[in-house]
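1. sharing a model prediction with you, sequence too.
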Amino acid sequence: MSFNAPYAFQVNGREVVVQHAHNGTVRVSPQNLNLADGGGGTGAFARWKIHLIGAQFCRLQSVKTGKYLRILRNGQAIDVNGGTGQFTKFKIRRVAPPNGIMLESDVFAGRFIAVNPQRGMKIGSGGPHCKLWVKREGNAPNVSRKPAAVATSASASSGAGAFGASYLFQRDNTVVIRSNYGKHLRLHPHNNYNADGNGGHGAYAQWRVILDGPSAARTVKLQSTFNQKYLRIEQNGAVNVGGTGGALTRFRYHVHTPPNGVKLESVQFPGKYVAIRPDGTVCCGMGGVHTQLTFLKQSQSRPPSKHVCAQPVSSRPVVQPVVIVQPVPVASMVQQQQQRQQREMEQAMRQQQQQMENAMKLQEQQMEIAVKQQEQHMLRQQQEMEQQMERMRLQHEAQQQKVMQTTESQRMLLEQQVQQQMEQQQEGVPVVPVVAPVVSGTGMAYPVLNPAQQSKAATQGNDDEKHFQAPPLDIAPDDTIFAWLSTIDMQQYYMAFIKNGYDAMQRIAQIKGDHLSKMGIALGHQSIILAAAAVTAPLMKQRVRLKSVKYGTFVHEYGKPKDHPGNGKRCWLQHNEKWDRPGAIWHVELVSGYTLRLKHAPTGSWLRVEHNGEAVDTRSPLTGRSDLLLEQDETGSNVYYLKEKQDSLYVKCESPRALGRNVVSCTKQRDDECKFYLQIVK
């Protein structure tokens with residue numbers, strides 16, 4: 001019994017196989033029993049028990065594992081790990097009665113079981129890869145696949161014989177191809193898409209040699225006489241019988257043992273040969289002993305001799321005819337054949353030598369091109385570095401000029417105030433102590449209190465500190481230092497930071513408590529500044545990548561962005577190794593000393609966290625679910641947790657999956673999957 005009868009979806013609990021459009025059946029993957037693939041035949045892994053639910057629905061249960069086929073995760077994944085829940089229920093869509101169907105998920109409408117040409121399981125949308133044919137066990141048709149044996153003199157006289165003669169590649173012919181281990185190349189009996197090396201001389205092992213091009217090219221194609229498909233080598237090195245006569249089916253034969261011992265090299269992929277191992281496995285070889293093949297054609301039988309009985313016609317003496325037998329110059333014919341074979345071998349060697357020389361020249365040219373490209377790349381990098389250094393120099397000069405201008409304006413203002421006080425003092429008007437200029441050792445002027453007022457200012461500092469406002473300064477609207485201090489309500493210390501050389505966020509990130517004390521920062525404010533400097537100062541107005549600490553993957557969009565109400569955008573998120581995608585870059589928008597937002601660079605939408613356990617996405621316009629608290633890991637390194645402010649939900653990279661996207665979700669429980677590196681993009 002074999003699985004060759006159509007299943008008409010009438011008997012419940014029937015054992016079936018599910019055939020797809022790419023010469024195979026759906027099976028439980030032998031490498032992972034929780035997954036499925038399309039590389040099955042009719043064995044235990046490919047057998048399913050079908051459970052009918054009315055006339056329109058069914059479930060498929062693996063005979064091997066007892067688990068059910070299912071579609072899950074929003075219709076994005078498929079496996080064989082289900083029970084009898086909602087995800088394992090499929091709607092039967094009939095496309096070619098009685099057994100041609102498509103299986104649509106009952107939960108996720110429009111999501112179908114599909115098998116791609118590489119026989120991998122995918123989620124389809126109703127196209128040709130979704131077509132399936134369900135077959136049950138039935139009586140196999142009585143068709144002999146073996147050629148009829150030569151049993152009569154008539155068949156012998158027709159020229160048909162055993163495959164024992166050498167095939168010389170002079171014209172198209174039917175052959176068998178013997179491996180170096182005595183067996184022959186054939187179609188796999190249970191899967192005609194594949195080949196193996198355990199054949200004899202039967203119908204599966206017979207091939208039609210088609211000479212392709214001039215004789216000097218030595219190129220052929222091999223077509224199976226059983227299913228008319230062609231032997232081929234694919235780019236990944238797979239050898240199968242799924243060709244239709246295209247470029248992948250062209251082979252160049254190289255003679256290793258005259259006249260019919262050859263090796264078959266792919267014309268499309270030089271250096272890849274058809275190889276047959278001792279166990280009969282057909283694979284891609286490099287030209288070694290497993291690639292040695294022998295081509296044999298059918299031998300021609302001699303026609304039967306005719307026996308003529310002499311009939312006496314008279315009593316006269318019979319005159320015996322004299323028969324003169326001239327010897328056939330067999331030796332001369334053999335010598336000519338050997339000379340012709342020798343000339344062909346010499347020509348083949350010359351061609352092979354020429355091909356090797358051409359290949360070496362091509363390789364040298366490719367190496368020269370690669371070296372030139374590398375030199376150009378290094379030159380571009382050097383130019384970019386020089387340009388970047390020049391930009392940094394100009395920025396530094398501009399910043400110094402700005403500080404000098406600010407200081408000079410303050411000095412002039414103080415001089416005017418001192419002059420006014422002196423004039424008032426001369427006129428007898430009471431003088432209020434003012435700020436006097438003091439010149440530091442660097443030649444820069446900075447304001448300090450008059451000595452007479454220092455003790456009074458020290459006693460009043462704590463009371464008036466909350467109401468102190470920074471003096472009017474010529475501060476640019478985009479000044480990063482002032483903007484950062486403003487997020488923590490410490491903008492009154494702006495000049496103290498600039499005066500003491502903390503004019504860049506990188507320096508502020510390294511500030512210490514004793515530095516703040518020397519700068520005159522109030523003790524109650526030092527802890528606020530130190531905490532914010534350690535967490536958010538390095539990220540102020542930066543572009544970053546979110547890299548998972550546990551998996552080493554990067555967060556970016558999944559699929560194309562969707563339109564969102566209010567002229568906005570929405571993106572689903574995933575994480576994988578593709579760090580160089582534009583969608584892996586996020587703009588940091590600082591809200592306060594510890595709160596920030598992450599803005600997706602390509603779409604302008606903000607990362608949004610909502611509902612425990614659900615997927616994280618991005619949305620614009622801005623919503624309240626995009627404010628994130630940045631918590632630094634206890635190790636003190638550049639490792640952070642991203643925590644949604646309203647419901648205390650942590651962003652999390654779930655474990656990578658074999659099928660579908662690697663989901664980015666949120667959770668109440670903080671663990672290693674919630675840790676991220678915030679890599680600054682220069």
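-> Noted; the coordinates are in hand.

2. pLDDT-wise, which helix or strand of the protein ranks last?
-> Across the helices and strands of the chain, mean pLDDT, DSSP states H and E gives its lowest value to helix 153-157, namely a mean of 33.

3. contact partners of stretch 246-265?
-> 166-169, 212, 217-222, 230-234, 243, 266-268, 271-274, 287, 291-296, 341, 344-345, 348, 352 (C-beta atoms under 8 Å, 6 or more residues apart in numbering). Glycine gets a C-beta too; all of them are placed from N, C-alpha and C.

4. what's the lengthiest helix in the chain packed up against?
-> As assigned by DSSP state H, the longest helix anywhere in the chain is helix 330-427. Contact partners of helix 330-427 among helices and strands, from 3 or more C-beta pairs under 8 Å, 6 or more residues apart in numbering; DSSP states H and E: strand 251-257, strand 436-439, strand 445-448.

5. mean confidence for the longest one?
-> If I follow you right, that is strand 251-257. Averaged over strand 251-257, pLDDT sits at 94.

6. list the buried residues of the helix or strand just after it.
-> Next along the chain after strand 251-257, taking DSSP states H and E as the criterion, comes strand 261-266. Using 16 or more other C-beta atoms under 10 Å as the test for burial, strand 261-266 gives Gly261, Val262, Lys263, Leu264, Glu265, Ser266.

7. so which of those residues is the closest to Tyr502?
-> The closest of these to Tyr502 turns out to be Ser266 (C-beta to C-beta; 66.1 Å).

8. tell me the contacts of that closest one?
-> Ser266 touches Ile233, Leu248, Arg250, Phe251, Arg252, Lys272, Tyr273, counting by C-beta under 8 Å, 6+ apart.

9. going along the chain, name the helices of this protein.
-> According to DSSP H, the helices that the chain contains are 153-157, 330-427, 451-464, 480-487, 494-499, 505-508, 513-518, 523-535.

10. how about the ones you listed in a markdown table, adding mean neighbour count and distance to Asn173?
-> Shown next, in a markdown table, are those (neighbours: other C-beta atoms under 10 Å; distance: least, C-beta to C-beta, whole Å):
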| stretch | mean neighbour count | distance to Asn173 |
| --- | --- | --- |
| helix 153-157 | 12 | 18 |
| helix 330-427 | 11 | 17 |
| helix 451-464 | 10 | 106 |
| helix 480-487 | 19 | 81 |
| helix 494-499 | 19 | 90 |
| helix 505-508 | 16 | 78 |
| helix 513-518 | 14 | 91 |
| helix 523-535 | 16 | 79 |
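
11. got those as CSV, with distance to Thr667 columns?
-> Listed next are these as CSV, based on distance: least, C-beta to C-beta, whole Å:
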stretch, distance to Thr667
helix 153-157, 78
helix 330-427, 40
helix 451-464, 44
helix 480-487, 28
helix 494-499, 38
helix 505-508, 31
helix 513-518, 35
helix 523-535, 21
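
12. ok, Asp503 - contacts?
-> Gln399, Val403, Ile481, Phe497.

13. now His600. Nearest residue, chain neighbours left out?
-> Thr618 (4.8 Å; C-beta to C-beta, 6 or more residues apart in numbering).

14. ok, that neighbour touching Ala601?
-> No - with contacts counted by C-beta atoms under 8 Å, Thr618 stays clear of Ala601, the gap being 10.7 Å.

15. the two: which is more packed in?
-> Thr618 (25 against 16; other C-beta atoms under 10 Å).

16. where does pLDDT dip in the protein?
-> The model of the chain has pLDDT under 70 over residues 1, 139-161, 301-332, 418, 421, 424-478, 593, 636-637.

17. repeat that with 50
-> Low-confidence segments of the chain, defined by pLDDT under 50, span residues 140-160, 303-319, 322-323, 325-328, 431-478.

18. show me what counts as buried in the longest strand seen in it.
-> Looking across the chain with DSSP state E, the single longest strand is strand 554-564. Buried positions in strand 554-564, judged by neighbour count with 16+ other C-beta under 10 Å: Phe554, Val555, His556, Glu557, Tyr558, Pro561, His564.

19. the residue lying closest to Lys221 once chain neighbours are set aside: how many residues sit nearby?
-> Nearest residue to Lys221 in three dimensions, chain neighbours excluded: Ile210, at 4.4 Å (C-beta to C-beta, 6+ apart). Ile210: 16 surrounding residues under other C-beta under 10 Å.

20. isn't Ile210 up against Thr219?
-> No - Ile210 lies out of contact with Thr219 (C-beta under 8 Å); the separation is 9.7 Å.

21. residues contacting Val115?
-> His20, Ala21, His22, Gly24, Val26, Gly38, Met121, Lys122, His129.

22. so the fifth one sits against Thr42, correct?
-> So the one you mean is Val26. No - in this structure, Val26 is not within contact of Thr42 by C-beta under 8 Å, at 11.7 Å.

23. can you count the residues close to Gln300?
-> Count around Gln300 with other C-beta under 10 Å applied: 12.

24. that one and Gly164, how far apart?
-> When distance is defined by C-beta to C-beta, to the nearest Å, Gln300 is 10 Å away from Gly164.

25. and for Asn23?
-> 32 Å.

26. in terms of neighbours, single out the busier of those two.
-> Asn23 (19 against 11).

27. distance check, that one against Leu573.
-> 38 Å.

28. next one: Asp633
-> Taking C-beta to C-beta, one finds Asp633 at 22 Å from Leu573.

29. these two - which one has more neighbours?
-> Comparing Asp633 with Leu573 by other C-beta under 10 Å, the one with more neighbours is Leu573, at 24 against 14.

30. from memory the more buried one sits against His556, does it?
-> Yes - Leu573 is within contact range of His556, at 7.2 Å (criterion: C-beta under 8 Å).

31. tell me the contacts of the closest residue to Phe87 other than its chain neighbours?
-> Nearest non-adjacent residue to Phe87, counting by C-beta to C-beta, 6+ apart: Arg70, 4.2 Å away. Applying C-beta under 8 Å, 6+ apart to Arg70 gives the contacts Ile78, Asp79, Val80, Asn81, Gly82, Gly85, Phe87, Thr88.

32. ditto for Asn23
-> By C-beta under 8 Å, 6+ apart, the neighbours of Asn23 are Asn191, Asn192, Tyr193, Gly242.
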